[in-house]
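Visitor: next input, structure requested:
(2 chains)
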Amino acid sequence: MRHALATFAVLAGAAVACGHDHGPAHVRGLPNKDDKPALRTGAARSPRLANYKIDAKLDASRHTISASETLTWTNGGSDPVDTLPFHLYLNAFKNEQSLFMRSSHGSLRGAHASDGGWGYIDVRSIAVDGVPYQLRFTDPAKLDQTVAEVKLAAPIPPGGHVTIDISFDDQLPEVFARTGYKGDFHMIGQWFPKIGVRVGPPGSERWSCEPFHSNSEFFADFGVYDVTLTVPSTHGVAATGVLVASTESPGGTRTFTYHAEDVHDFAWMADPYMDLVKGTADPGDGGPPVEVRVYFRGEQREYAHRHLEAAIGTIEKMSAEYGPYPWSIMSVIDPPVDAAAGAGGMEYPTLVTTGGDSVYARPGMHLPEYVTVHEVGHNWFQGMLASNETDEAWLDEGVNEWADGKVMDELYGVRTGAIDWLGWQAETYALRRALADDPAHIPSPIATASYAFVDTSAYHEATYASTMRALHTLELTVGSARFAAAMKAYAQAWAFKHPTGRDLFDTLGKELGQDLTWFFGPVFHEVGGLALSVRSTACRPYHEARGVIGDGKDRVTRGEIESPDTGAWTCEVVVQNTGTIHVPVDVELRFEDGSTQRSTWNDHGDATWQRIEVNHSTRLTEVRLDPDGKLQLDQATQHDLRVDGDGAAGLRAGAWVAALAQTLMQAVGP
Amino acid sequence: MKAVGLKDMIVAGPRGVSRYTGTLFAVFVVQSLVAIAVMLATALVLAQVFSHLPVFDDAVDGDLIALVECVRFARASMLAVLGIVLGGVAMWQLASWFLAGGIYGVLAQRPEGRRDTARAFGASGASTYLAYARLALCGIPGWLIVLAAWIACSGAVATRLEYALTTWDLVSSLIIAFGPAALLWHLAATVIDYARVELTLRDDTHAPGAAIAYGRALAFVVRRPATLVHGLLGHLAWLAITIGSVWLAQGHPMYGAEGAITLFVLRQGVALARMAVRFGVLAGQVELGRTRPAPPRRVEVKVQSEA
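Guide: Model prediction:
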């Protein structure tokens, strides 16, 4: 007993001792500036309507930032503008009255707001073209302070510019929703006043500058960012863009200057313990390679290499599919494990945060890799194709999710894209489909504004999984090669613009050469799903018709003797679709002799069922709907029906369950 | 009386198993019957849902996607299967009081011949059944302590378990989470075993109460660490057989109904081996239990009323 206790004490002590204590932070060597242009090749890609110069200083012990910002904004529309609205995202974490906290109840993606970790932004002053103004919150009740605006004395004409000078202070929240601190780790996003985006057709242009809701992400104009960051000398920094200057500053601090072009956001990370691994990715356009960096803490080194491989693979695959990655650097932040739920899994231009590091994600279980693939993939679907994540979140999240599946398949094998561990294998699309909810159970269509979903679960299911499954269904229906070409055309036509769902549908319809409203309408704009099943099957012996046949002198009565059973069978199958989405359905019939017979139920219209009758020399044994697995929108469980029941698998499962039960019995009894 | 050591207890195991193999088989058959009932009930429930869906065949054959689909498709049936398993275990728990009493009785009385062995088994099982039931009630505080230890220790390392990055992180956290509870569980189970031995050995002569037997067994086990080591060796052998069989079963799928039967038979072999280990442990406990001082006699006082 004493030996056992002693052994336990030693193990417990060793376990505690091996915790991730990094000791005191040390002053780091001054990093060299990046000897690279912000854009790898070519000239400006975007209209650059919102250009920011920011000078910020981080107080790492108080988790505060003191900053000044100069925004040069151009009215790129055709209507004059007399109001300038700004996102003040950090106010989402100010108190429980913000829309974000009311909609999230202080919890997002498994992370929870801490009681003492509130965050906010104070705008000390704002001046437009040198004239001081007052910012006013747009929420009439002033409960939510994530959007504020300036009413201008004189409108800005189309093509006109203004310079806006803002000084502000940030109190970072303890991270639970993308931005904030955890211990010494600082992940800083959505931290500066950011102007909204003009949207809509000429003549009815308006601002898109929505309050920060827990379901919504971000939307901003492209521009050039010159950002100077002053941090403690002990801290390493990673940020959007390229490092163009680094100098020692007074008070044990350093100042880093970053420059980014044709981006619509700027995020950065500061931490005293981060290490770095690097690699290069070749976007395949003949230009210089992309430098890929993964920042991680020492205990996560094993995972950092997995993230690096995934990031390089994503850049190369997506560059080939949707156009070359245009920037020089891609930084992947692997947050400390206790900050990963809050800070991990977020995309910013040229910088993303990843996650999934866990002993449970053994090599072969590709969750960490998937997070990296998804976030790096966002540099196309949102970074370049800067759709409105608030109004049409599916257009970046869902489309990216679909694209990620292809990357995972290519990087880790079609059958093993998601899992290849101890003999268990899972394909990415198939696993997402198996884990997804039935779209018919979501009370909002895919094309719903993120804040208008009934809850976060519905938002996630529709935006991510349903969109991925819808696009995969369309891809397999029209052919993968054609669909890939159409998606490439969409990506290239709308890069560095603000595409909408309509733009995607129009481009796909045009490129695929067909009117796809029959698909896009019900799938993206209606509640419901695809619900295929075999309603009934029946086979009877085949014989010539019996009864009174013919008229007049030709009339004969034929019975069993005149029309005997031929030995062949007449089989009838009824298939049905009780969902709202109607697509062509392949139906395969299998017979006792091993032969198969295929037909297509062209369910474009409103037909909800189909009767199939066949004569065959042997009985029908199995009916398979969608035998090629094209219809990813439907759960496949009932797609394959055996005519005669077979309980062998049930018996085998029963034997397994009984063995388990017997083990439990032996644990409780003699 | 000669002192009985750990070696004697271990040696008593194979001796008991070889001498009373029929008793071992009889108990095992009862357990197998409960397992067969669980198997058939489970098969029936699953066949109701899946006999026409080939995707279930794939799931049983190890297709992860098919397995996920089937579980999500038939959650109610999966819950029913869980209920069947728990019901089977509960039924076995009730039966085990009789069966354990029978085994201890046979090992204690050392009867000769099938008839006497059967008589000793049945008589002991029947006479100690209620005492074992009372003992189970007396043991509840012990199990609550085990539960409390598990909850407290798991809570202490919950964050470490959640954020474990390496195998050592995981293993060390699991040791902390489960180690104290496992030690206490082993202690509580061993105490119950020795209390049963006393209730069986002294039933005719001293008729000890369950609470007294439990208290005396607790003191005895704490004074004699060999009791814990002996039981621990049994658990390790039990675990080795279980893990070894799982290891050997890797990559040997059993297809079709015949496969199901083969699978069941092979697993019964494993279960029999494990039960033999347990039987041997009980034999060792009886060997040591004989040497314990007898409990105080209960004095029955008869009061005549002077109506």
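Visitor: my read is that residue A:425 contacts residue A:419, right?
Guide: Yes. Counting by Cβ atoms under 8 Å, residue A:419 is a contact partner of residue A:425 at 6.1 Å. (Each C-beta comes from the backbone N, C-alpha and C, glycine too.)
Visitor: any shared contact partners between these two?
Guide: residue B:64 (Cβ atoms under 8 Å, 6 or more residues apart in numbering or on different chains).
Visitor: and the residue of the stretch 151-300 of chain B found nearest chain A, how many neighbours?
Guide: Nearest residue of the stretch 151-300 of chain B to chain A, counting by Cβ to the nearest Cβ: residue B:172, 3.1 Å away. When neighbours are counted by other Cβ atoms under 10 Å in any protein chain shown, residue B:172 registers 24.
Visitor: so which elements touch the helix or strand it falls within?
Guide: Using DSSP states H and E, residue B:172 sits within helix B:167-201. Counting contacts by 3 or more Cβ pairs under 8 Å, 6 or more residues apart in numbering or on different chains; DSSP states H and E, helix B:167-201 is packed against helix A:2-17, helix B:75-109, helix B:113-138, helix B:140-156, helix B:158-162, helix B:210-223, helix B:225-249, helix B:256-289.
Visitor: compute the inter-axis angle for the longest one and helix B:167-201.
Guide: Angular relation of helix B:75-109 and helix B:167-201 on a 0 to 180 degree scale: 50 degrees, by axes from the mean of the first three to the mean of the last three Cα atoms, to 10 degrees.
Visitor: helix B:75-109 packs against which elements?
Guide: helix A:648-668, helix B:21-50, helix B:113-138, helix B:167-201, helix B:256-289.
Visitor: what helices or strands is the third one leaning on?
Guide: Helices and strands in packing contact with helix B:113-138 are listed as helix B:21-50, helix B:75-109, helix B:167-201, helix B:210-223; criterion 3+ Cβ pairs under 8 Å, 6+ apart.
Visitor: and those as a markdown table, adding mean pLDDT?
Guide: Putting these into a markdown table (pLDDT from 0 to 100) gives the following:
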| stretch | mean pLDDT |
| --- | --- |
| helix B:21-50 | 95 |
| helix B:75-109 | 95 |
| helix B:167-201 | 95 |
| helix B:210-223 | 94 |
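Visitor: a markdown table for those helices, including distance to residue A:70?
Guide: Converted to a markdown table, the helices and strands packed on helix B:113-138 look like this (distance: least, Cβ to Cβ, whole Å):
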| stretch | distance to residue A:70 |
| --- | --- |
| helix B:21-50 | 66 |
| helix B:75-109 | 58 |
| helix B:167-201 | 47 |
| helix B:210-223 | 77 |
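Visitor: please list all residues in contact with residue A:305.
Guide: A:277, A:294.
Visitor: next one: it from residue A:277, what distance?
Guide: 6 Å (Cβ to Cβ, to the nearest Å).
Visitor: overlap of the contact sets of the two?
Guide: Joint contacts of residue A:305 and residue A:277 (Cβ under 8 Å, 6+ apart) are residue A:294.
Visitor: how is residue B:111 assigned, secondary-structure-wise?
Guide: coil (DSSP: H, G, I helix; E, B strand; the rest coil).
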